[in-house]
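Chemist: All I have is the shape, not the residue letters:
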C-alpha cells in the first residue's frame, strides 16, 4: 500500500492510503428490464428468456462494465459479491392462488438452483389484479465463466389473459445488480 500526501484548505494536511486496500468497493451498478409484456404460459417454473434490455435512458445511472445477457442468462463482468434484486410486476386473471418470482443461480454454468423467491397471490373466483413481487439475494461470483443467474416465475395455475408487464421506457419488471466488493 502506498501513501499520498493530501493538502486540504485551511491548513489541514495528512496522508491517505492509495490502492485497492478496501475490499473492491462498488465497481458495478447496473439495471436491466423487460421491454414488453410477456404472456404467462403454463404452470410451474418458467424463465424469462427474451425481451431483456439494459437501461438506456439518460437519467438512469450506471457504474462500471455492464453484464451480458443471452436467452435470459446473465453473465457478470467481474468476480465479486453482488447484491441482486428482481422486481416482477404482473396482471393475474381469476384464481391464481400463488405466483412467485424466482432467481436461479449456477456456479458451474450447468446446474441451476433456486437462489431467492418472492411471492404473491390471491384466491378469487373472477376478475384480475396486479401485483409486484420482489426477490433479492447476495450472489458470490467466483468465476465469470461459470457463475450466472436467470430470472422467472412459478405459477400454480395457467389463467388466460395473465401477463408479466414490461416497458422500454421505464421499469416494471426489472433487475438491479450491484457489486459490493471482492469475493
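Modeler: Noted; the coordinates are in hand. This one's a predicted model, so the numbers in the text were calculated from it and none came from an experiment.

Chemist: what distance separates stretch 54-67 from the centre of its chain?
Modeler: Stretch 54-67 sits 13 Å away from the centroid of its parent chain (CA atoms, centre = their mean, to the nearest Å).

Chemist: Helix, strand, or coil at residue 160?
Modeler: Classification of residue 160 using DSSP: H, G, I helix; E, B strand; the rest coil returns coil.

Chemist: neighbours of it, just the number please.
Modeler: Per other CB atoms under 10 Å, the neighbour tally for residue 160 reads 9. Every C-beta, even on glycine, is put in place using the N, C-alpha and C of the backbone.

Chemist: Repeat that for residue 109.
Modeler: When neighbours are defined as other CB under 10 Å, residue 109 has 13 of them.

Chemist: got a list of what it touches?
Modeler: Neighbour list for residue 109: 145-148 [criterion: CB atoms under 8 Å, 6 or more residues apart in numbering].

Chemist: Do I have it right that residue 102 meets residue 45?
Modeler: Yes - using CB atoms under 8 Å, residue 102 makes contact with residue 45 at a distance of 6.8 Å.

Chemist: what's the overlap in contacts for these two?
Modeler: Both residue 102 and residue 45 are contacted by 152-154, under the criterion CB under 8 Å, 6+ apart.

Chemist: higher neighbour count, residue 102 and residue 45?
Modeler: residue 102 (22 against 14).

Chemist: Where does the prediction get shaky in the chain?
Modeler: Across the chain, the ranges flagged by pLDDT under 70 are 1-25, 58, 94-97, 121-127, 158-159.

Chemist: switch to 50 and redo it
Modeler: Low-confidence segments of the chain (pLDDT under 50): 1-8, 19-22.

Chemist: Residue 140 against residue 149, yeah?
Modeler: No - taking contacts as CB under 8 Å, residue 140 lies outside contact range of residue 149: 11.6 Å.

Chemist: ok so residue 32 is a helix residue?
Modeler: No - if the criterion is three-state DSSP, then residue 32 is strand and not within a helix.

Chemist: I'd like the distance between it and residue 164.
Modeler: Noted for residue 32: a distance of 14 Å to residue 164, by CB to CB, to the nearest Å.

Chemist: I'd like to know which elements the host helix or strand of residue 178 is packed against.
Modeler: Using DSSP states H and E, residue 178 maps to strand 174-181. Applying 3 or more CB pairs under 8 Å, 6 or more residues apart in numbering; DSSP states H and E, we find strand 174-181 packed against strand 29-34, strand 80-93.
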